[in-house]
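Novice: Quick one, structure for this:
(one chain, ligands or ions: 1)
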Amino acid sequence: MITPVLPTYNRAPMAFVKGEGSWLTAEDGKRYLDLGAGIAVNALGHANPDLVAALTEQAGKLWHVSNLYRIPQQEKLAEMLVDKTFADTVFFTNSGTEAAELAIKMARKYHYEKGHPQRTQIITFEGAFHGRSTGAIAAAGSEKMVKGYGPLMPGFVQLKWGDHDALRTAITDQTCAVMIEPVQGEGGIRTVPDQCLKGLRDLCDSTGTLLIFDEVQCGMGRTGKLFAHEWSGITPDIMMVAKGIGGGFPLGAVLATENAAYGMGAGTHGSTYGGNPLACAVGAKVMEIIADDGFLGEVTRKSGLLRQGLESLVAAHPTVFEAVRGEGLILGLKCKALNTDIVRAGYQAGVLTVPAADNVIRLLPALNIPDADIATALTLLAQTAALVEAA
Ligand SMILES: *Cc1c(COP(=O)(O)O)cnc(C)c1O
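Specialist: Below you'll find the model as predicted:
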């Protein structure tokens with residue numbers, strides 16, 4: 001008999017009742033060190049006092065008003081994002097998927113309004129993940145996500161990851177945009193080299209193609225910069241953001257240059273909840289904390305600590321792990337043993353990790369994870385490896 005909750009997830013049996021920093025407590029009292037952070041969402045840990053204060057203060061005043069009216073909390077967060085990034089303008093959503101939908105619409109509308117309505121094709125890459133809407137699954141194109149959901153939204157061309165020659169010939173007079181994650185998350189923590197991002201920018205510039213970055217997972221401080229593409233020195237025309245920006249409260253955004261937003265006047269897009277006062281009050285506090293050079297420097301330092309420990313872990317358990325991947329605190333362990341077996345052994349040892357494609361486990365801890373918890377994480381991961389070796 002079907003469960004009251006639609007069974008689309010293969011869930012682990014634990015249910016958590018309380019979170020504090022990088023730790024979660026389950027119903028049975030067992031504590032787990034959370035290296036998944038709700039898949040890169042709880043960027044400042046669980047029950048962060050500053051975020052709780054921002055949320056409760058706003059909750060006592062006003063939760064929701066329609067976008068028919070000005071929303072000062074939304075304006076404030078938009079100004080903060082514009083101030084710290086390439087973007088001139090921001091639209092707020094409730095999720096990454098909704099951000100992907102708008103990115104697609106905005107890019108197509110741009111060419112339409114610029115007199116090139118035939119430019120509708122969006123180039124994406126194998127291993128990509130952009131969300132679960134019909135547009136986003138068509139963009140990602142993985143068989144697992146699209147099977148049975150046809151007909152798919154047309155207009156996506158998918159290329160092999162890292163195939164530069166294919167990219168050069170794939171851009172035609174039908175091409176609208178290139179959409180890419182600077183660090184693939186679900187795809188197995190695969191970083192696009194800076195050189196490739198630069199080449200991509202040049203190619204887009206010379207062909208009038210819009211460049212869309214999906215920084216839903218790798219953005220908001222994960223790599224040690226506010227956004228991952230900053231390491232490469234180039235900027236996109238449109239960027240999707242979500243996950244960490246709400247620190248655990250549902251919030252997403254599309255950032256764009258004034259040029260890319262050319263077609264998006266009044267009435268062209270909307271959202272009932274997107275950018276509501278509650279979400280934006282929390283988002284502004286998250287931004288205030290994360291978009292600080294001192295904070296981001298700490299992410300890089302903590303990354304060094306964790307990474308060094310992970311290299312030793314891999315060396316000590318060569319039948320379980322193969323290599324460390326990723327940047328900052330978006331790290332992956334390429335596995336020799338089955339990644340899902342390792343994640344499950346982690347539950348036994350009391351540490352939460354997240355599987356990804358390419359037989360990788362993801363480590364996406366809170367960006368402010370204390371050094372002592374990093375040391376504990378390495379101990380628990382070693383215990384996890386021992387459990388896998390003994391099985
Ligand atoms: C999670 C994710 C999405 C989808 O975000 P939702 O909030 O789950 O809709 C899109 N792109 C990337 C890179 C993601 O990691």
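
Novice: and the strand or helix carrying residue 57, how far from the chain's centre?
Specialist: Under the criterion of DSSP states H and E, residue 57 resides in helix 49-59. Centroid separation for helix 49-59 versus its chain: 23 Å, with CA atoms, centre = their mean, to the nearest Å.

Novice: How about stretch 16-34?
Specialist: Worked out by CA atoms, centre = their mean, stretch 16-34 lies 23 Å from the chain centre.

Novice: Check which residues of it are buried.
Specialist: Across stretch 16-34, burial judged by 16 or more other CB atoms under 10 Å covers 16, 19, 21, 22, 23, 24, 25, 26, 32, 33, 34. Where you see a C-beta, it was placed from the backbone N, CA and C, and this is true even at glycine.

Novice: residues in contact with the helix or strand that the helix holding residue 57 is followed by?
Specialist: As assigned by DSSP H and E, the chain's next helix or strand after helix 49-59 is helix 72-84. In this structure, residues lying in contact with helix 72-84 by CB atoms under 8 Å, 6 or more residues apart in numbering are 58, 87-90, 92, 226, 241, 253, 255, 275-277, 280-281, 283-284, 287-288, 291.

Novice: Strands - which of those land there?
Specialist: 89, 90, 92, 241, 253, 255 (DSSP state E).

Novice: Out of those residues, give me the two with the largest separation.
Specialist: Among the ones in strands among the contacts of helix 72-84, the pair separated by the greatest distance (CB to CB) is 89 and 241, at 13.2 Å.

Novice: If you tally nearby residues, what's the number for residue 186?
Specialist: 22 (other CB atoms under 10 Å).

Novice: How much space separates the nearest residue to it once chain neighbours are set aside from residue 331?
Specialist: Spatial nearest neighbour of residue 186, excluding adjacent residues (CB to CB, 6 or more residues apart in numbering): residue 129 at 3.6 Å. From residue 129 across to residue 331, the span is 17 Å (CB to CB, to the nearest Å).

Novice: same deal with residue 156?
Specialist: 29 Å.

Novice: And residue 139, by the same measure?
Specialist: 25 Å.

Novice: Show me what from the stretch 201-350 of the chain comes close to the ligand.
Specialist: 214, 216, 217, 242, 243 (CB under 6 Å from any ligand atom).

Novice: Any of those buried? List them.
Specialist: Using 16+ other CB under 10 Å, the buried ones in these are 214, 216, 217, 242, 243.

Novice: What is the burial count for the residue of the chain found nearest the ligand?
Specialist: Closest contact between the chain and the ligand, by CB to the nearest ligand atom, is at residue 96 (2.2 Å). By other CB under 10 Å, 24 other residues sit near residue 96.

Novice: contacting residues for it?
Specialist: By CB under 8 Å, 6+ apart, the neighbours of residue 96 are 130, 131, 214, 216, 217, 240, 241, 242, 243, 252.

Novice: Same check on residue 51?
Specialist: Taking CB under 8 Å, 6+ apart, one finds 44, 247, 248, 249, 282, 285, 286 in contact with residue 51.

Novice: Tell me, what's the model's pLDDT at the residue nearest to the fourth one when sequence neighbours are not counted?
Specialist: Think residue 249. Spatial nearest neighbour of residue 249, chain neighbours left out: residue 282 (4.4 Å); criterion: CB to CB, 6+ apart. Residue 282 is assigned a pLDDT of 98 by the prediction.
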